[in-house]
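Visitor: kindly generate the corresponding structure for this input.
(4 chains, ligands or ions: 6)
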Amino acid sequence: MSGMLGTDFFLAWMTLAAGTVRLHRDRLTGLDAAIGDADHGANLDRGFTEVGKALTEWPPTSPAQVLVSAGTTLIRRVGGASGPLYGSFFRQLGKSLDVPATPAGFAAAFASGVLAVERLGKAAQGDKTMIDALAPAARALTQAVQEGADERKAFERAARAAEEGAKATIPLRARKGRASYLGERSIGHEDPGAASSALIVASLAEAAA
Amino acid sequence: MSGMLGTDFFLAWMTLAAGTVRLHRDRLTGLDAAIGDADHGANLDRGFTEVGKALTEWPPTSPAQVLVSAGTTLIRRVGGASGPLYGSFFRQLGKSLDVPATPAGFAAAFASGVLAVERLGKAAQGDKTMIDALAPAARALTQAVQEGADERKAFERAARAAEEGAKATIPLRARKGRASYLGERSIGHEDPGAASSALIVASLAEAAA
Amino acid sequence: MVGLVLVSHSAGLAAAAVELTRGIAGRETPVAAAGGDDDGGLGVSMDRIEAAVREVDQGDGVLLIPDLGSAVLTARLMEQPGRVVLADVPFVEGAIAAAVAAGGGAALAGVLSAAEEARTYRKL
Amino acid sequence: MVGLVLVSHSAGLAAAAVELTRGIAGRETPVAAAGGDDDGGLGVSMDRIEAAVREVDQGDGVLLIPDLGSAVLTARLMEQPGRVVLADVPFVEGAIAAAVAAGGGAALAGVLSAAEEARTYRKL
Ligand SMILES: Nc1ncnc2c1ncn2[C@@H]1O[C@H](COP(=O)(O)OP(=O)(O)O)[C@@H](O)[C@H]1O
Ligand SMILES: Nc1ncnc2c1ncn2[C@@H]1O[C@H](COP(=O)(O)OP(=O)(O)O)[C@@H](O)[C@H]1O
Ligand SMILES: [Mg+2]
Ligand SMILES: [Mg+2]
Ligand SMILES: [Mg+2]
Ligand SMILES: [Mg+2]
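Guide: Ligands and ions are numbered 1, 2, ... in the order given. Take a look at the predicted model:
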């Protein structure tokens, strides 16, 4: 199954991510309305739509090209904090990916993408950000691969971990991003970036299904 | 001569101050162009013109009324930092003036006006501000009165002290106001507010002449 | 709620800072701009500050946040101990922190100290 | 001279801050605004930041001064060690201090530390 992680797979991931973001656009914006500025769904929808356009206009010829192009587009077109963060994630993931991509290589590259987000945002798990979904996903992925799981299984475990991580942000108090200005009042709401991260990792599993 | 310090005297002071500010408007603005924002002459000209209007519209019936009205108008109409500062000066001077005003009383009230400027601006002599002209003027006034000088002499000595104080700001480095942003580069220029203070004290002497 | 007045030489800066502050702290927090002189030019107008104070005063106190120079001096003359208080804080960052605190129901002293904390808040 | 780019979510805030900064530091200092998203709405645009950097770059380095959030994150991605540097400073006060230092001929490190001093500068 290791031939699965080719250019087409990553193109499919981006298409599925764009679709799920479009579908959950209003929910994401609603989460952001509670503790932010009510634009996260719109931001990501615009960003992933532009990713789709860029990937059509300049067809990439390698997984790295898909991811770096997607990341660059997100940085340039999202407009909110999630743009540079997701952009750095995909760019770093793309740059770290060995050719040909193996499940273990992907897990390592994914972890390195998450690290780029942590570095840029100076955020750690527990700060009620996208990291709270991405970091558990990275760990689940690594562990699954180490246990010999195939991509499909590994991505499913990552998706579940991301989803749980996103829900686990509800009782947290935000320490980074706009929501951190709310202090105590950020408690009781799911972080929009963690929610979108769960969707993006879920579409990774979907792309492998 | 102590009957001299009546309402008409203070009205004359304000008229003469307005005139000298108008006359030196471009020089004051030029000084402010060097180390500020090139509006000091225009600010004060506008302010004293409004003072004249206010004093005509609501004719004051006591020295205190002249000075408090002038001060309030300056606070409201100058627009620059010198507005609240000169405004506080004249208001405090007016409020501190005993009735009937005596030379000694005037000297004490003048000193109390200068103190109000120092308190508002958190400035001290040597900071390259209007204080560098006003504080020496206050001291000269007090000393002259103690030595038994009449108003005319006392005001002349104050005017000379203010003028010297203004010139003495040239080698100083500004520590307050806009000019303080320039640091070293504020050295070598006369402070516009000190220059206008010298003019205002000179018109005090003129009013008594 | 405690009201906020952003006082600046520049009408544009005060208005834009109010917009940004509302965007972050929410529209319910009473924040008003007092920028520019009486004619809207560069300068500070006591009339504009007074009007802004009246606009945001709900009886819980008003914090004046000036940018610099004559805005600071003019605002100082308008202080009324315990009711209208001046904040010596970074203009934009202090306004946002104050607005969030005010929106959260903090009293005047709490809003002031939230604004003052903006001094040490790191952006990175 | 070192150039400055003021990066904000709000096109109005960046433009007004540039105006104020020029008013204090003088028109010669290269200061440009990068505010708003690609369409001028609330947001941050890398294209606008890049254009602003090009505008003020005289070869002596450029300081990026962001207001908050995505402006900070986007600016961080544009850092080029020793050439294009981010300042974590109060937006308005830091910009003024930096512009004055730049206008005085300070090098990039000096302009950055002038901006950082604005954190502790008291207005009263
Ligand atoms: N410093 C940070 N580190 C990690 N994630 C962050 C940081 N700041 C914001 N985020 C994430 O970005 C999300 C908000 O994205 P978005 O609404 O698109 O941007 P904005 O807050 O600029 O409107 C937050 O929910 C959070 O997950
Ligand atoms: N904090 C202060 N204390 C005392 N005087 C000050 C202070 N700030 C400014 N000044 C005086 O005000 C003068 C500038 O007045 P003006 O040009 O009318 O105001 P602005 O600086 O707001 O344009 C300075 O030359 C200085 O004498
Ligand atoms: Mg948002
Ligand atoms: Mg936003
Ligand atoms: Mg001036
Ligand atoms: Mg001025």
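Visitor: so which bits of chain C are right by ligand 2?
Guide: Residues of chain C found near ligand 2 (C-beta under 6 Å from any ligand atom) are C:69, C:70. Placement of C-beta: from N, CA and C, glycine included.
Visitor: show me where chain C has helices.
Guide: If you assign secondary structure with DSSP state H, the helices in chain C sit at C:11-25, C:46-56, C:70-77, C:91-103, C:108-117.
Visitor: any part of stretch A:94-104 near chain D?
Guide: No: for stretch A:94-104 and chain D, the contact criterion (C-beta under 8 Å from any C-beta of the partner chain) is not met; the two come no nearer than 13.9 Å.
Visitor: buried residues in that stretch?
Guide: A:94, A:96, A:97, A:101, A:102, A:103 (16 or more other C-beta atoms under 10 Å in any protein chain shown).
Visitor: residue furthest from the geometric center of chain A?
Guide: Seen from the C-alpha centroid of chain A, the residue lying at the greatest distance (C-alpha atoms, centre = their mean) is residue A:184, 26.3 Å away.
Visitor: residue C:15 touches residue D:15, doesn't it?
Guide: No: here residue C:15 does not reach residue D:15: they are 11.3 Å apart, not a contact under C-beta atoms under 8 Å.
Visitor: quick one: which of the buried residues of stretch A:94-104 is nearest ligand 3?
Guide: Minimum distance to ligand 3 across these is 25.0 Å, recorded for residue A:94 (C-beta to the ion).
Visitor: let me know the pLDDT of the closest one.
Guide: The per-residue pLDDT reported for residue A:94 equals 98.
Visitor: now the residue of chain C found nearest chain D: how far from residue B:179?
Guide: Per C-beta to the nearest C-beta, the residue of chain C with the smallest distance to chain D is residue C:90, at 3.3 Å. Taking C-beta to C-beta, to the nearest Å as the measure, residue C:90 falls 22 Å from residue B:179.
Visitor: same check, this time on residue A:4
Guide: In this structure, residue A:4 and residue B:179 are separated by 69 Å, where distance is defined by C-beta to C-beta.
Visitor: look at those two and report which has more neighbours.
Guide: Between residue A:4 and residue B:179, counted using other C-beta atoms under 10 Å in any protein chain shown, residue B:179 has the larger neighbour count: 28 against 14.
Visitor: go ahead and confirm the more buried one touches residue B:130.
Guide: No: with contacts defined as C-beta under 8 Å, residue B:179 does not count as touching residue B:130, sitting 11.6 Å away.
Visitor: so what's in contact with those two at the same time?
Guide: A shared contact of residue B:179 and residue B:130, defined by C-beta atoms under 8 Å, 6 or more residues apart in numbering or on different chains, is any residue touching both; here these are residue B:191.
Visitor: from chain A, which residue is nearest to chain C?
Guide: In chain A, the residue that lies nearest chain C is residue A:181 (4.6 Å; C-beta to the nearest C-beta).
Visitor: what's the neighbour count on that residue?
Guide: 24.
Visitor: separation between it and residue B:154?
Guide: When distances are taken as C-beta to C-beta, residue A:181 and residue B:154 turn out to be 59 Å apart.
Visitor: with residue C:34 instead?
Guide: Counting by C-beta to C-beta, the gap from residue C:34 to residue B:154 is 41 Å.
Visitor: of those two, who's got more company?
Guide: Neighbours were counted for residue C:34 and for residue B:154 using other C-beta under 10 Å; residue C:34 has more, 30 against 27.
Visitor: and that one, what is it in contact with?
Guide: Residues near residue C:34 by C-beta under 8 Å, 6+ apart: C:5, C:6, C:7, C:8, C:14, C:44, C:45, C:48, C:49, C:51, C:52.
Visitor: so how many other residues sit close to the fifth one?
Guide: It stands for residue C:14. Other residues lying near residue C:14 total 29 when counted by other C-beta under 10 Å.
Visitor: rewinding a little: out of the buried residues of stretch A:94-104, who's nearest ligand 6?
Guide: Ligand 6 has its nearest neighbour among the buried residues of stretch A:94-104 in residue A:94, at 52.5 Å by C-beta to the ion.
Visitor: quick check: which element contains the closest one?
Guide: In this structure, residue A:94 sits in helix A:82-96 according to DSSP states H and E.
Visitor: which other residues reach the helix or strand of chain C with the lowest mean pLDDT?
Guide: Comparing helices and strands within chain C by mean pLDDT, DSSP states H and E singles out helix C:11-25 as the least confident, with a mean of 93. Helix C:11-25 has contacts (C-beta under 8 Å, 6+ apart) with A:37, A:178, A:181, C:4, C:6-8, C:29, C:31-36, C:40, C:67, C:91-92, C:95-96, C:99-100, C:102-103, D:8-10, D:12-13, D:15-17, D:19-20, D:42, D:67, D:92.
Visitor: buried ones among the residues you listed?
Guide: For those, burial is judged from neighbour counts taken by 16+ other C-beta under 10 Å, and it is met by A:37, A:178, A:181, C:4, C:6-8, C:29, C:31-36, C:67, C:91-92, C:95-96, C:99-100, C:102-103, D:8-10, D:12-13, D:15-17, D:19-20, D:42, D:67, D:92.
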